[in-house]
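Participant: Everything below, folded, please.
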Amino acid sequence: MVNISPFSDPRSSVFIRGKIFFCSALISLILLSGCSKSQPAPESSSASSTAKTATISIDAATAGTISGVVTLKGQPPKMKPLDMTADPGCPTGPQPAEVVVAKDGKLANVFVYVKEGLPQGNFAVPTEPVALDQKGCRYNPHMLGIMAGQPLKITNTDTADHNIHDMPSNNPAFNESQMPTDQPITKKFSNAEMMIPVQCNQHPWMRAYINVMSHPYFGVSAADGSFEIKNLPPGEYTIAAVHERFGEQTMKVKVGSKETVKAPFVYSAAGK
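Facilitator: Coordinates of the predicted model:
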């Protein structure tokens, strides 16, 4: 007796192969349909990207202000006078140091900024440059703020040659010489970073600090200790004051519509 297997029949073989092909195609279609459902819709991706790059608009009709005075309690520390006589292009005679500049209990060169509470998004970057001059063998100003992407214009109005050397940790560094007759040097910082030291390699007493911010809400206390931060949308904020010797202080404030909020900072001379 001869056993005849159904698989030996050519017609059966064609039928089986057809069923296998149909099942495989059906499974592939189901898998493809399932995968396509897990992909984000193009509109959602585009909306998310737009939200991340949206420029924040402030309503000037409701914007408020934070203002205050930075005071120093106690006798300011005695600073050793600067001797600049090694370079004939610098001032002669002892010059006052800039680490602590205080008069009548008011503290200058304190950087004050909004640390927390601002709306999410990007703020417009000014195209007008921030100026950093070298005059009297000092950097002027000693403490400054700038937005990321905003130009920094460095000039030399001295009769002495200078060298500008910044020492950032979150931005590329630069180290360039500049003679009195040289054209201004323009730089930009891409990333936010606090208290970037700037020094002159030729005059070691020369020092400035650059604060790179992602928003425009900052200021520096003047000789009378005063500062002002304008055009803030109503809200609750944490503001910080930073001094190169006395460190950082923070304060929470609430700014109402068209309101000017006072934010006094007090440092202790005995603290450092």
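Participant: My guess is Glu236 contacts Lys254. True?
Facilitator: Yes - contact between Glu236 and Lys254 holds when scored by C-beta atoms under 8 Å: they sit 4.9 Å apart. Yep, even glycine has a C-beta here, placed from its N, CA and C like the rest.
Participant: Now tell me what touches stretch 124-134 from outside.
Facilitator: Residues from elsewhere that reach stretch 124-134 (C-beta atoms under 8 Å, 6 or more residues apart in numbering): 55-56, 139-141, 144-158, 162, 164, 178, 186, 198, 200, 206, 208, 210, 216.
Participant: can I assume Glu98 sits in a strand?
Facilitator: No - secondary structure assignment (DSSP: H, G, I helix; E, B strand; the rest coil) places Glu98 in coil, not in a strand.
Participant: Counting neighbours, what do you get for the closest residue in space to it that isn't next to it in sequence?
Facilitator: If you skip the residues right next to it in sequence, Glu98 has His142 as its closest partner in space, 5.0 Å away by C-beta to C-beta, 6 or more residues apart in numbering. Here the count is done by other C-beta atoms under 10 Å, and His142 has 19 residues near it.
Participant: how close does His142 get to Glu236?
Facilitator: Remark: distance between His142 and Glu236 (C-beta to C-beta, to the nearest Å) = 31 Å.
Participant: cool, and Gln249?
Facilitator: Counting by C-beta to C-beta, the gap from Gln249 to Glu236 is 18 Å.
Participant: When the two are compared, which one has more neighbours?
Facilitator: Summary of the neighbour comparison: Gln249 and Glu236, criterion other C-beta under 10 Å, with Gln249 having more neighbours (16 against 10).
Participant: what sits against the more buried one?
Facilitator: Applying C-beta under 8 Å, 6+ apart, one finds that Gln249 lies in contact with 240-241, 265, 267.
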